[in-house]
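Trainee: One predicted model, sequence on top.
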Protein chains: 2
Amino acid sequence: MERRQMLHIPGPTNIPERILRSLSQPLINHRGPEFEALLSTCAAGLKKVFRTENDILIFPSSGSGALESAIVNLFSPGDTILAVCLGVFSDRMAEIGEKHGLNVIRLTKEWGQAARVEEIEAILAQDQEGKIKAVCLPQNETTSAIGIDVEGISRMMQQMGHGAILVVDAISSLACVPLETDAWGVDVVISASQKGLMLPPGIGLVSVSERAWQRVEQSTMPRWYWDYKAVKDKMTTFQFPYTPATTLLFGLREALEMLNEEGMEKVWERHQLIGQGVRNAVEAMGLTLFSDKEHASDTVTAILMPERVKYKELAELLRTKYDIVIGGGLQKLQGQIFRIGHMGAIHFMDMYAVLGAVEMALVELGYEVELGTAAASLARTFIKK
Amino acid sequence: MERRQMLHIPGPTNIPERILRSLSQPLINHRGPEFEALLSTCAAGLKKVFRTENDILIFPSSGSGALESAIVNLFSPGDTILAVCLGVFSDRMAEIGEKHGLNVIRLTKEWGQAARVEEIEAILAQDQEGKIKAVCLPQNETTSAIGIDVEGISRMMQQMGHGAILVVDAISSLACVPLETDAWGVDVVISASQKGLMLPPGIGLVSVSERAWQRVEQSTMPRWYWDYKAVKDKMTTFQFPYTPATTLLFGLREALEMLNEEGMEKVWERHQLIGQGVRNAVEAMGLTLFSDKEHASDTVTAILMPERVKYKELAELLRTKYDIVIGGGLQKLQGQIFRIGHMGAIHFMDMYAVLGAVEMALVELGYEVELGTAAASLARTFIKK
């Protein structure tokens, strides 16, 4: 029997039926009154998810496009930024900065480790001349399944009084783990449609604080498509400088409604509970978590490949026999780990199928574990809640 | 009774049911075998539509994003280009070039007029030193509902032996009017999903010739998201450097299949016939075409507002009473003209409803025309075919 594939890579994620259906609505005029209503609903809903009164700009782009938008709007060639690099996607931010002529100081951690508040504090403390214009970091790095204490870093920066702005890549964390843009004082939050927002890829999002807008004013980087001021000006009249990805905005409206119905605190609790449940079950199965458990991501779990089991065989078996798609290790971690995504439209009972299939596949590939171990462990985590 | 709104702005266009349904498929892994099959089918289908063996790159972006991609990949700051400016969207290309430090020579025509081969030839002939690196022009400018003889210009440039490359904005013409990328020798063709391809907005497309790739090699413009080489490299392995707009690729596969079933020549004929039918009917109704008839666009028709009828009242009546959405004049043409889009998924019988409603609305607003005039004229055009 054909059944819907369960997509458990670290994003894009499974899309709820409600959202899938919303994507097949006939198109509307992007300069007409129906669009005005659509965008105004989306804009208001996004503020609740970002927890901010800051402007939130919407781009027809991937998340990486939104990263580039921040670089070309906030800085000028020759500016210095501090980039916290924990894996492929936070390295990307540094790389984009360098491509555009920035001087990038990298705080690179061994994959699987988080960057701590004190490490960033030490670098900023050494910057007597205030050369560092921004601290750029991922709230969650999917490569290494690790999270960062954004609140702690933001509060530290405020206490230090260092003039750097805080730019957070929340692509794989927004609408999954707690992020209080205004309460924590995060200047720029970058995200995208295809993770916690439960949508297909194709929309990039950026929230911009007053302080960040001052940087935009000073920036001399050439830009047209990514121009924050042009997008903001048009969005004020519920339009865009160019044709928006209207269909994805239909989906966004539906997704924001779903998140609002559940409530952001509940969404965060759900991800925290599932993250904890997965980590407990993985360990109960005798497997080893790749990442520092204290800073473990609640949206993706990275697991060391057990000896003698090959990643490709595991992934292939899961995909072909169980209709479940997981992720592998990137770059130097290829073949070393496997990653299970658990973000966005996910119910904790989904993990019974995912981890149950992983358990069976591992056994089929020669790994020894008592069948039912994963389910029993999940039950022990979930039953208390 | 609620019925589906007929969207007759100059794009985005009405989306066929087949394509709408294809958009609500569950997401797949963008690094898995299902995606490989999807992208390989799309890449092959696009070549048939672009009529080229050149590389065709796909971006998660609007069409304007694809325009910017051409600027930052083909040129270096200080380079000179000739931009043919016929309206808002061809002006945009010039503006993007200037934002990125190019020296832009504008050949600006009065709105409603086409640029002729000889005019471009004269400018290139004066360029003894070969400073002009490219001729950038729109095959179709929706602002002024005008088309350009791309074939003639391309052949002229080849005969002259001027080294400039030809960059064609085919956003509102691809899969509508004849475009023979290889046979005519067009170096770069830029397009997007939401016009002739009958899709929602969110995908930008660019075909790049061998000669254009040499320019990419020489270009020193900073870029990351738009980087042609990075996208080409990844597409060779049926992936992308960043998350693609997978859902729109589902739609693209369906759209390409539909175009293939009809055949490109038939698609072109259909648009030509509808364009002619609309222009005939508009004149039969005693209205005046805004644009030079000899170079009239076959994807959009611009019509002078009759005296005493206000555009806003006409558009509002059409939208609220007849569920038909038309476009107005942009910038200095606001209130002066109305525009009817007829591109993409359009059957010639659709124009009976559209022009029938326009006729009734005009009569309601005090314009004098015998009811049935539009339909009779359309019939006279169509019945012979």
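Mentor: Received, thanks.
Trainee: if I look at the most centrally placed residue in chain A, how far off is A:Ile153?
Mentor: Against the mean C-alpha coordinate of chain A, by CA atoms, centre = their mean, the closest residue is A:Ser172 at 1.1 Å. Computed with CB to CB, to the nearest Å, the distance linking A:Ser172 and A:Ile153 is 17 Å. Yep, even glycine has a C-beta here, placed from its N, CA and C like the rest.
Trainee: and what of A:Gln214?
Mentor: According to CB to CB, A:Gln214 stands 21 Å off from A:Ile153.
Trainee: which one of those two has more residues nearby?
Mentor: Neighbour count, other CB atoms under 10 Å in any protein chain shown: between A:Gln214 and A:Ile153, A:Ile153 has more, with 25 against 13.
Trainee: The more buried one belongs to a strand, doesn't it?
Mentor: No. Counting by DSSP: H, G, I helix; E, B strand; the rest coil, A:Ile153 is not part of a strand but helix.
Trainee: didn't it look like it was pressed against A:Pro138?
Mentor: No. Under the criterion of CB atoms under 8 Å, A:Ile153 makes no contact with A:Pro138, lying 11.6 Å away.
Trainee: Now do the contacts for A:Leu46.
Mentor: Residues near A:Leu46 by CB atoms under 8 Å, 6 or more residues apart in numbering or on different chains: A:56, A:58, A:205, A:252, A:256.
Trainee: Would you mind naming the helix or strand containing it?
Mentor: For A:Leu46, the element it lies in under DSSP states H and E is helix A:33-50.
Trainee: before we move on, what about A:Met235?
Mentor: Element membership of A:Met235 [criterion: DSSP H and E] is helix A:228-236.
Trainee: What angle do helix A:33-50 and that helix make with each other?
Mentor: Between helix A:228-236 and helix A:33-50, the angle comes out at 120 degrees (axes from the mean of the first three to the mean of the last three CA atoms, to 10 degrees).
Trainee: Would you mind giving the domain segments of chain A?
Mentor: In the domain annotation for chain A, the residue ranges read A:6-12+A:263-383, A:17-261 (automatic domain parsing).
Trainee: right, so of these, which gets closest to B:Tyr352?
Mentor: Nearest to B:Tyr352 among these is domain A:17-261 (19.5 Å), distances taken as CB to CB.
Trainee: first to last residue in that closest one, what's the distance?
Mentor: Distance across domain A:17-261, first residue to last, is 16 Å (CA to CA, to the nearest Å).
Trainee: Over that domain, what's the mean pLDDT, rounded is fine.
Mentor: For domain A:17-261, mean pLDDT is 98.
Trainee: for A:Lys48, what are its contacts?
Mentor: A:256, A:259-260, A:264.
Trainee: do that again at 7 Å, thanks
Mentor: A:260, A:264 (CB atoms under 7 Å, 6 or more residues apart in numbering or on different chains).
Trainee: From A:Gly202, how far out is it?
Mentor: On the measure of CB to CB, A:Lys48 and A:Gly202 end up 22 Å apart.
Trainee: likewise A:Leu318?
Mentor: Distance from A:Leu318 to A:Gly202, by CB to CB: 27 Å.
Trainee: Looking only at neighbour counts, state which of these two leads.
Mentor: Comparing A:Leu318 with A:Gly202 by other CB under 10 Å, the one with more neighbours is A:Gly202, at 30 against 23.
Trainee: Need the phi and psi values for A:Gln113.
Mentor: When quoted as degrees, to the nearest 10, the phi and psi of A:Gln113 stand at phi -110, psi 150.
Trainee: so it touches A:Lys293, yeah?
Mentor: No. Applying CB atoms under 7 Å, one finds A:Gln113 not in contact with A:Lys293, separated by 11.2 Å.
Trainee: looking at the domains of chain A, which is buried most?
Mentor: Of all these, domain A:17-261 carries the top mean neighbour count, a mean of 21, counting by mean count of other CB atoms under 10 Å in any protein chain shown.
Trainee: in what helix or strand does A:Trp213 lie?
Mentor: A:Trp213 belongs to helix A:210-218 when assigned by DSSP H and E.
Trainee: Please put the alpha-carbon coordinates of that helix into CSV.
Mentor: This file holds the C-alpha atoms of helix A:210-218, laid out as CSV (Å, rounded to 0.1, in the frame of the first residue of the first chain):
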residue,chain,number,x,y,z
GLU,A,210,15.5,50.0,15.0
ARG,A,211,19.2,49.7,15.7
ALA,A,212,19.6,47.4,12.7
TRP,A,213,17.8,49.9,10.5
GLN,A,214,20.5,52.5,11.4
ARG,A,215,23.1,50.1,10.0
VAL,A,216,21.0,49.7,6.8
GLU,A,217,21.2,53.5,6.5
GLN,A,218,25.0,53.4,6.7
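Trainee: Please state the offset of the host helix or strand of A:Ala125 from the chain centre?
Mentor: Element membership for A:Ala125 (DSSP H and E) is helix A:117-126. Its chain's C-alpha centre and that of helix A:117-126 lie 24 Å apart, by CA atoms, centre = their mean, to the nearest Å.
Trainee: Same question for stretch A:150-159.
Mentor: Remark: stretch A:150-159 is offset 20 Å from the chain centroid, using CA atoms, centre = their mean.
Trainee: one step back: just give me the closest of the contacts of A:Leu46 to A:Gly277.
Mentor: Using CB to CB, the contacts of A:Leu46 come closest to A:Gly277 at A:Leu256, 26.4 Å.
Trainee: quick one, phi/psi of the closest one?
Mentor: According to degrees, to the nearest 10, A:Leu256 has phi -70, psi -40.
Trainee: And it, how far from B:Gly341?
Mentor: Relative to B:Gly341, A:Leu256 is positioned 30 Å away (CB to CB).
Trainee: likewise A:Met258?
Mentor: Distance, A:Met258 to B:Gly341, by CB to CB: 34 Å.
Trainee: Check A:Met1 too.
Mentor: When A:Met1 is compared with B:Gly341 (using CB to CB), they lie 44 Å apart.
Trainee: quick one, what contacts the nearest residue to A:Asp350 once chain neighbours are set aside?
Mentor: In this structure, A:Asp350 finds its nearest non-sequential neighbour in A:Met6, 6.9 Å apart by CB to CB, 6 or more residues apart in numbering or on different chains. Contact partners of A:Met6, counting by CB under 7 Å, 6+ apart, are A:14, A:323-325, A:350, A:353-354.
Trainee: ok, these vs chain B, which is closest?
Mentor: Nearest to chain B among those: A:Val325, at 4.8 Å, using CB to the nearest CB.
Trainee: The closest one reaches A:Pro12, doesn't it?
Mentor: No. At 10.5 Å, A:Val325 does not count as touching A:Pro12 under the criterion of CB under 7 Å.
Trainee: Tell me where the stretch 201-350 of chain A has helices.
Mentor: For the stretch 201-350 of chain A, applying DSSP state H, counting those that start in this stretch gives helices covering A:210-218, A:228-236, A:246-262, A:264-284, A:311-322, A:350-364.
Trainee: Show me what the third one is packed up against.
Mentor: With contacts defined as 3 or more CB pairs under 7 Å, 6 or more residues apart in numbering or on different chains; DSSP states H and E, the secondary structure elements packing on helix A:246-262 are helix A:17-22, helix A:33-50.
Trainee: which one of those helices lies closest to B:Phe75?
Mentor: helix A:33-50 (33.8 Å).
Trainee: tell me the angle of the closest one relative to helix B:311-322?
Mentor: Here the directions of helix A:33-50 and helix B:311-322 differ by 90 degrees (the same axes, to 10 degrees).
Trainee: could you list every residue that touches the residue lying closest to A:Phe59 once chain neighbours are set aside?
Mentor: Excluding the flanking residues, the one nearest A:Phe59 by CB to CB, 6+ apart is A:Gly204, at 4.1 Å. Residues in contact with A:Gly204 (CB under 7 Å, 6+ apart) are A:59, A:61-63, A:65-66, A:69, A:192.
Trainee: What of A:Leu7?
Mentor: Taking CB under 7 Å, 6+ apart, we find A:Leu7 in contact with A:13-14, A:325, B:27, B:29.
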